[in-house]
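Chemist: Build me a model from this:
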Amino acid sequence: MNNRCWKLTLALVGVLASAYTEASFSRHMDDFIKAVKQVEDGDPGAEPVVVLRRLRRAAGLKDAFIQQYLGNADSNGPEMDAGLSDYISKVVQHRVTDDAREEGVVLTSDGTTVAVRPLLLGIEAGFLSKSNGRVRGLYQLTVAKDLNLSLRHSSPLTHRLGPDGCWDSLTSPQVFTLLDNPTLLTTAQVNGGMDGVVLGMEVSAKTRRPLNISSLLTEYYCHQLDKDRLDAAPRLISRRRRENFRGLLVPPVLVRQVMKSVEMQRRLNGQSKMEVKEKKQLVALLKEGMKDFVHMYMDCPPIIPRCMWGAEPYRGTPTNLSLPLSFMYIHHTHTPSQPCLTFQQCSADMRSMQRFHQEDRGWDDVGYSFVAGSDGYIYEGRGWHWQGAHTLGHNSIGYGVAFIGDYINSLPSQHSMGLVRDQLASCAVGGGRLVASFTLQGHRQVVNTSCPGEALYKEIKRWEHFGGIPN
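Modeler: Residues are numbered from 1 along each chain as shown. Next comes the predicted model:
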């Protein structure tokens with residue numbers, strides 16, 4: 001278990017029983033869970049919905065749209081400590097400032113960033129449901145309303161969704177800065193919305209209702225992987241958010257939920273119903289824009305940006321690739337020889353590889369385009385646009401994708417192979433970075449090397465797009 005999760009576990013069983021002030025909490029999910037636990041401890045025996053309403057009241061989430069689905073947040077519970085209330089307000093209230101700082105988001109132990117507001121609203125909607133599988137307002141409160149604004153009012157298409165960002169510190173995060181121009185729907189908002197949908201649906205099941213919110217969040221965000229990696233991990237963990245969300249919702253359903261959000265907002269604003277022609281035009285616009293959402297957050301794998309794993313700057317001036325490319329080359333790292341199971345270990349492995357490539361080999365940067373960990377994530381190397389140093393003589397025509405670990409006698413996890421084989425490849429083709437008829441090859445097919453290991457090489461020979469004559 002990583003150090004933050006261990007400290008969190010101690011806090012939740014009462015070892016860290018001292019009161020916290022707003023200043024003592026960071027913008028880490030573990031610290032937010034501690035704050036939730038403190039709210040729960042202040043009102044022993046309170047039902048989860050009561051705790052969620054207290055959190056909503058402290059955060060000032062009382063607009064008519066939210067109340068339409070969740071009701072009024074007023075309650076007669078004990079008064080909340082001022083410092084705790086201030087912290088909750090700052091962590092839950094979402095906004096993007098003029099200098100591209102995103103507030104109302106927290107860093108999770110798996111290395112991703114989550115907006116807290118849609119997460120909590122989705123969970124509360126789930127607890128309020130009266131039947132399993134039908135949660136009133138779930139999608140409107142989590143993703144539909146924000147998705148409507150983004151798809152309708154952002155132009156060009158590249159500015160509709162994202163971006164991700166970077167924290168000032170991974171041990172005590174306080175400031176999150178976006179990597180690109182702010183949009184109306186950031187990656188952190190989508191992550192929080194997806195988690196709100198997944199957990200909201202889960203708690204709506206009468207057989208799955210947890211005793212408290214802090215335990216639910218700890219179980220979801222702080223699960224420790226074992227040696228079998230994600231293949232044997234529970235379904236309900238944050239590292240599986242995209243596959244869980246994809247399993248719950250298909251694009252046409254999401255379009256309908258967005259339309260319901262639009263209609264509710266119009267009604268609350270005292271506007272008349274949309275004319276048939278206007279409604280058809282909006283549905284067509286949303287269907288077109290939904291392709292971007294599906295590509296970015298359902299087809300593509302989750303990718304950890306360079307700044308999050310602690311990359312050193314590129315040395316010199318990178319060479320831009322001429323897209324789309326025609327090849328994807330598969331590697332294993334050999335050293336590090338073991339799969340990485342946590343964000344912390346995978347990040348350390350990425351930094352180690354970069355140091356080796358820059359210092360020992362004299363390259364400008366880590367050689368690979370992308371690297372697959374066994375923690376459920378792809379790590380950005382040189383990325384989509386910079387030419388790598390992965391496959392001698394072929395760096396300008398293909399992406400180099402490595403699996404962390406030595407795969408002479410064993411295979412990467414099925415989950416990590418699926419991320420590369422299915423999602424990364426699909427993401428590259430759908431985004432115009434790889435041609436649809438691209439060829440996938442092992443490193444050994446074009447360079448005199450044993451890479452990507454005998455076991456992995458035999459495996460990729462069965463993958464779609466595999467081609468070429470091996471050396």
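
Chemist: use CA for all of it now, contacts and neighbours both
Modeler: Noted.

Chemist: any idea how far G398 lies from A389?
Modeler: Remark: distance between G398 and A389 (C-alpha to C-alpha, to the nearest Å) = 11 Å.

Chemist: An error on my part: the question was meant for R355.
Modeler: Distance of R355 to A389, given as C-alpha to C-alpha: 14 Å.

Chemist: And these two? Which one has more around it.
Modeler: When neighbours are counted by other C-alpha atoms under 10 Å, R355 and A389 differ, and A389 comes out ahead with 21 against 18.

Chemist: ok, now which ones touch the nearest residue to P313 once chain neighbours are set aside?
Modeler: Nearest residue to P313 in three dimensions, chain neighbours excluded: D365, at 7.7 Å (C-alpha to C-alpha, 6 or more residues apart in numbering). Residues counted as contacts of D365 (C-alpha atoms under 8 Å, 6 or more residues apart in numbering) are P313, Y314, R315, Q354, H357, Q358, R382.

Chemist: so how far is M308 from D365?
Modeler: Taken as C-alpha to C-alpha, the span from D365 to M308 is 16 Å.

Chemist: wait, isn't G111 in contact with I304?
Modeler: Yes - with contact defined as C-alpha atoms under 8 Å, G111 and I304 form a contacting pair (7.3 Å).

Chemist: Which one's more surrounded, these two?
Modeler: Comparing G111 with I304 by other C-alpha under 10 Å, the one with more neighbours is I304, at 22 against 19.

Chemist: I figured that one hits G376, correct?
Modeler: No - between I304 and G376 there is no contact, the gap being 10.3 Å when judged by C-alpha under 8 Å.

Chemist: Strands of the stretch 51-200 of the chain, residue ranges please.
Modeler: For the stretch 51-200 of the chain, the strands defined by DSSP state E, counting those that start in this stretch cover 95-96, 102-103, 105-107, 113-115, 165-167, 176-178.

Chemist: ugh, wrong one, the stretch 201-350 of the chain
Modeler: 303-304, 325-332.

Chemist: Buried deepest among the ones you listed, which one?
Modeler: Comparing the strands of the stretch 201-350 of the chain by mean neighbour count (mean count of other C-alpha atoms under 10 Å), strand 325-332 ranks first with a mean of 24.

Chemist: Show me what that strand is packed against.
Modeler: Packed against strand 325-332 by the contact rule (3 or more C-alpha pairs under 8 Å, 6 or more residues apart in numbering; DSSP states H and E) you find strand 398-403, strand 434-442.

Chemist: Turn the strands of the stretch 201-350 of the chain into CSV, including mean pLDDT and distance to G192.
Modeler: Conversion of these to CSV gives the following (pLDDT from 0 to 100; distance: least, C-alpha to C-alpha, whole Å):
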stretch, mean pLDDT, distance to G192
strand 303-304, 98, 16
strand 325-332, 98, 32
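
Chemist: now those as TSV including distance to E47?
Modeler: As requested, the strands of the stretch 201-350 of the chain are exported to TSV (distance: least, C-alpha to C-alpha, whole Å):
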stretch	distance to E47
strand 303-304	36
strand 325-332	50
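
Chemist: Tell me which of these lies nearest to V262.
Modeler: Nearest of the strands of the stretch 201-350 of the chain to V262, taken as C-alpha to C-alpha: strand 303-304 at 31.2 Å.

Chemist: Run through who's touching the closest one.
Modeler: Applying C-alpha under 8 Å, 6+ apart, the external contacts of strand 303-304 come out as G111, T112, Y377, I378, Y379, E380.

Chemist: and which of these is nearest to D74?
Modeler: Closest to D74 out of the contacts of strand 303-304 is T112 (32.2 Å), distances taken as C-alpha to C-alpha.

Chemist: Identify the residue spatially nearest to the closest one, adjacent ones excluded.
Modeler: Leaving aside its chain neighbours, T112 sits nearest to I304 (7.5 Å; criterion: C-alpha to C-alpha, 6+ apart).

Chemist: Any idea what the one you found is bridged to?
Modeler: For I304, the beta-bridge partners are Y379 (DSSP bridges).

Chemist: Right, I'll leave it there.
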